[in-house]
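Participant: Sequence below, structure please.
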Amino acid sequence: MLDSLKNAVKVSELRTKLLFTLGMIFIFRLGAHIPIPGVNPERFAELVNSGLIFGFFDVISGGALKNFAIFAMGITPYINASIIMQLLTVVIPHLERLNKEGPEGRKKITQYTRYLTVVLAFIQGLGMVIGVSGSLQNPGPISYVTTALTITAGTTFLMWMGEQITDKGIGNGISLLIFAGIVSRVPQGAVRLIEYLNAGTINILSVVALVVIGALVIAGVVAINEGQRRIPVQYAKRVVGRRVYGGQTTHLPLRVNQAGVIPIIFASSLLMFPETVVQWFSGTAFANFYAQWLGWGTAAHTIIYALLIIGFTYFYTAVIMNPVDVADNIKKYGGFIPGLRPGRPTAEYIARIMSRITLVGAIFLALIAILPSFVLLATRIPNIYFGGTALLIVVGVALDTMKQVESHLLMRSYQGFIK
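Facilitator: Presented below is the predicted three-dimensional model:
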């Protein structure tokens, strides 16, 4: 990895891309510390520190949520909008036709996703502002709308930044912004651990246990992200003019974690909605009942969270990789899986294999998501938000980005070899 980075700095094109990406990340971190006018962030900081699911989104936003900054919503509305559009592509025939039209159709879907992002950001921002109206200096309809519009503008700007990084920088822009937000919390977490050690709140064994758990989680994340089931595919020979095509054996890679971290984020967003609503009724019997039996950290909440992640993993995997379409594409190019007839038998075989490996990936994602609760019990370290989900995102984005850097370097190596 270090050798790839050194070589990337030497190449002018890659150096420009890296500097552009770092510049965008710097602007993102700067905006995470610009507070929204007319807001007292102390009330919202107490909410985030209370151990609710807001802590996870504060990690993703790089502390902007806790600071109630202009980037408080982070890029979460864009992620939710992208997931919704992908699901609607399967349901709505018009969107399905656009998706099959190629780059122009997908460009139209991207435009719809941007519009939906703005709508979701405003609705979620308005609900958040109403829920913490005590943090506003002058509560009222005008303050609610103004603050919600400010948050929406921040999310829209982040969406634009992410697209610019993808086009002109290195890696996936949206993923890199989330990556930067998570990594920026590491120094603060280290300082907090040192303070706990000095105050005697925890001992050195707790820190060692945390490091060991983190190392094991990173190893598991790498193994699951890189793990795949390879189905052999044989292509028959085809004669086109005087040329002979095909006649080779390749494989169809089915990843264990096909859905990535999307199911966790989507499940967290759904569970964040009732948490936001409960804040409107703070101090009432309903709020106390919810906090006691369904709040973050309770057994019911953990079970519901895990089941939602498993369900979304299966659903999202089926959306992004349809076995029928895969089987049709293999048949179209003259391929077949040894021992199976092309068409329906191939699709059923692929679906059966996907169902088995997706179960492993779904259970792994659920365990990663609920890991902070068990880490808290094992180490007795309070306020741990840099849990398994954060490590899953960081490791996944780092691997994908380094693969892109190495592919650029490989292309230049081949170019020099040809010369």
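
Participant: Going by C-alpha atoms from here, please, whenever you check contacts or count neighbours.
Facilitator: Will do.

Participant: which SSE is the closest residue to F179 other than its chain neighbours in?
Facilitator: Distances taken as C-alpha to C-alpha, 6 or more residues apart in numbering put V394 closest to F179, at 5.5 Å, once the chain neighbours are dropped. Take DSSP states H and E as the rule and V394 turns out to sit in helix 388-418.

Participant: What residues does the residue nearest to F179 make contact with?
Facilitator: By C-alpha atoms under 8 Å, 6 or more residues apart in numbering, the residues touching V394 are F179, I182, V183.

Participant: sorry, back to before: buried ones in the helix holding V394?
Facilitator: Buried residues in helix 388-418, defined by neighbour count with 16 or more other C-alpha atoms under 10 Å: 388-397, 399, 401-402, 405-406, 408-409.

Participant: circling back to that earlier point, make CSV out of the contacts of V394 and add pLDDT.
Facilitator: As requested, the contacts of V394 are exported to CSV (pLDDT from 0 to 100):
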residue, pLDDT
F179, 85
I182, 82
V183, 84
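
Participant: Please convert those residues to TSV, extending it with neighbour count.
Facilitator: As requested, the contacts of V394 are exported to TSV (neighbours: other C-alpha atoms under 10 Å):
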residue	neighbour count
F179	24
I182	24
V183	18
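
Participant: between the residues you listed, which is nearest G127?
Facilitator: I182 (24.5 Å; C-alpha to C-alpha).

Participant: where's the closest one, which helix or strand?
Facilitator: If you go by DSSP H and E, I182 is part of helix 173-183.

Participant: Please work out the angle formed by the directions of that helix and helix 388-418.
Facilitator: Orientation check (axes from the mean of the first three to the mean of the last three C-alpha atoms, to 10 degrees): helix 173-183 against helix 388-418 gives 130 degrees.

Participant: Tell me the buried residues in the next helix-or-strand element following helix 173-183?
Facilitator: Counting by DSSP H and E, the next helix or strand C-terminal to helix 173-183 is helix 186-199. The neighbour-count check on helix 186-199 (16+ other C-alpha under 10 Å) flags L193 as buried.

Participant: From the contact counts, what lies against helix 186-199?
Facilitator: Counting contacts by 3 or more C-alpha pairs under 8 Å, 6 or more residues apart in numbering; DSSP states H and E, helix 186-199 packs against no other helix or strand.

Participant: Quick one: work out the angle between the next helix or strand after it and helix 388-418.
Facilitator: Once the chain leaves helix 186-199, the next helix or strand it forms, by DSSP H and E, is helix 204-226. Using the same axes, to 10 degrees, the direction of helix 204-226 lies 50 degrees away from that of helix 388-418.

Participant: List the contacts of helix 204-226.
Facilitator: By C-alpha under 8 Å, 6+ apart, the list of residues contacting helix 204-226 reads 193, 197, 255-257, 260, 361, 368, 375, 378-381, 388, 391-392, 395-396.

Participant: That helix vs helix 186-199, what angle?
Facilitator: In terms of direction (the same axes, to 10 degrees), helix 204-226 departs from helix 186-199 by 160 degrees.

Participant: name the element I79 belongs to?
Facilitator: helix 76-91.

Participant: in that helix, what counts as buried?
Facilitator: Using 16+ other C-alpha under 10 Å as the burial criterion, the residues of helix 76-91 that qualify are 76-83, 85-87, 89-90.

Participant: before we move on, what about stretch 108-116?
Facilitator: Buried, per 16+ other C-alpha under 10 Å, within stretch 108-116: I109, T113, R114, L116.

Participant: Could you do stretch 211-228 as well?
Facilitator: I213, G214, V217, I218, V221, I224, N225, G227, Q228.

Participant: quick revisit: ok, the buried residues of helix 76-91 vs G102, which is closest?
Facilitator: Closest approach between the buried residues of helix 76-91 and G102, by C-alpha to C-alpha: T89, at 13.8 Å.

Participant: Verify the stated contact: that closest one with N99.
Facilitator: Yes. Look at T89 against N99 with C-alpha atoms under 8 Å: they come within range, at 7.4 Å.

Participant: rewinding a little: for Y316, see how far away the residue nearest to F179 is.
Facilitator: Per C-alpha to C-alpha, to the nearest Å, V394 is found 21 Å from Y316.

Participant: cool, I170 as well?
Facilitator: Counting by C-alpha to C-alpha - I170 and Y316 are separated by 26 Å.

Participant: Neighbour count: those two, which is higher?
Facilitator: A direct count of neighbours by other C-alpha atoms under 10 Å for I170 and Y316 places I170 higher, at 25 against 18.

Participant: ok so that one is a strand residue?
Facilitator: No. Counting by DSSP: H, G, I helix; E, B strand; the rest coil, I170 falls outside a strand, being coil.

Participant: And it, its phi and psi?
Facilitator: I170 adopts backbone torsions of phi -120, psi 130, taken as degrees, to the nearest 10.

Participant: which one is it nearest to, not counting chain neighbours?
Facilitator: Sequence neighbours aside, K17 is the residue nearest to I170 in space, at 5.8 Å (criterion: C-alpha to C-alpha, 6+ apart).

Participant: Out of the contacts of V394, which is nearest to T146?
Facilitator: Within the contacts of V394, the smallest distance to T146 is 28.1 Å, found for I182 (C-alpha to C-alpha).

Participant: I'd guessed that closest one sits against A390; true?
Facilitator: Yes. With contact defined as C-alpha under 8 Å, I182 counts as touching A390 (6.6 Å).

Participant: circling back to that earlier point, check the buried residues of stretch 108-116 for the minimum pLDDT and say which it is.
Facilitator: Note: of the buried residues of stretch 108-116, the lowest pLDDT belongs to I109, at 88.

Participant: so what's that one up against?
Facilitator: M85, L95, L98, N99.

Participant: For these, give me JSON lines that also has distance to E13 and pLDDT.
Facilitator: Putting the contacts of I109 into JSON lines (distance: C-alpha to C-alpha, whole Å; pLDDT from 0 to 100) gives the following:
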{"residue": "M85", "distance to E13": "34", "pLDDT": "86"}
{"residue": "L95", "distance to E13": "36", "pLDDT": "84"}
{"residue": "L98", "distance to E13": "34", "pLDDT": "84"}
{"residue": "N99", "distance to E13": "32", "pLDDT": "80"}
